[in-house]
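Asker: quick one, what's the 3D model for this:
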Amino acid sequence: LLLSLTTRPGVPAEVLADHGVTYESVTRVLHGGGEAKAG
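Answerer: Numbers count the residues shown, from 1 in each chain. Down below sits the predicted model:
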């Protein structure tokens, strides 16, 4: 649910972005990586 909120434009995405929650940071947490993987 959080991942979908970060990808859609609107107030929820803006509020999450204001708190430092981005699509990249959510996927990093979900996939357990500390660094982004190239590819």
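Asker: make it CA atoms for all contacts and neighbour counts henceforth
Answerer: OK.
Asker: ramachandran angles for the residue nearest to residue 6 when sequence neighbours are not counted?
Answerer: Nearest non-adjacent residue to residue 6, counting by CA to CA, 6 or more residues apart in numbering: residue 13, 4.9 Å away. Per-residue torsions, residue 13: phi -70, psi -40 (degrees, to the nearest 10).
Asker: where does the prediction get shaky in the chain?
Answerer: 33-39 (pLDDT under 70).
Asker: residue closest to the middle of it?
Answerer: Residue closest to the average C-alpha location in the chain (CA atoms, centre = their mean): residue 23, at 2.3 Å.
Asker: sorry, back to before: neighbours of the residue nearest to residue 6, how many?
Answerer: The burial count assigned to residue 13 is 20, neighbours taken as other CA atoms under 10 Å.
Asker: for residue 19, same thing?
Answerer: 9.
Asker: from residue 6, how far out is it?
Answerer: Distance of residue 19 to residue 6, computed by CA to CA, to the nearest Å: 12 Å.
Asker: same question for residue 18.
Answerer: 11 Å.
Asker: those two - which one has more neighbours?
Answerer: Applying other CA under 10 Å to residue 18 and residue 6 shows that residue 6 carries more neighbours, namely 21 against 10.
Asker: dump the residue contacts of the more buried one.
Answerer: Contacts for residue 6 (CA atoms under 8 Å, 6 or more residues apart in numbering) come out as 12-13, 16-17, 21-23.
Asker: of these, which is the nearest to residue 31?
Answerer: residue 23 (12.2 Å; CA to CA).
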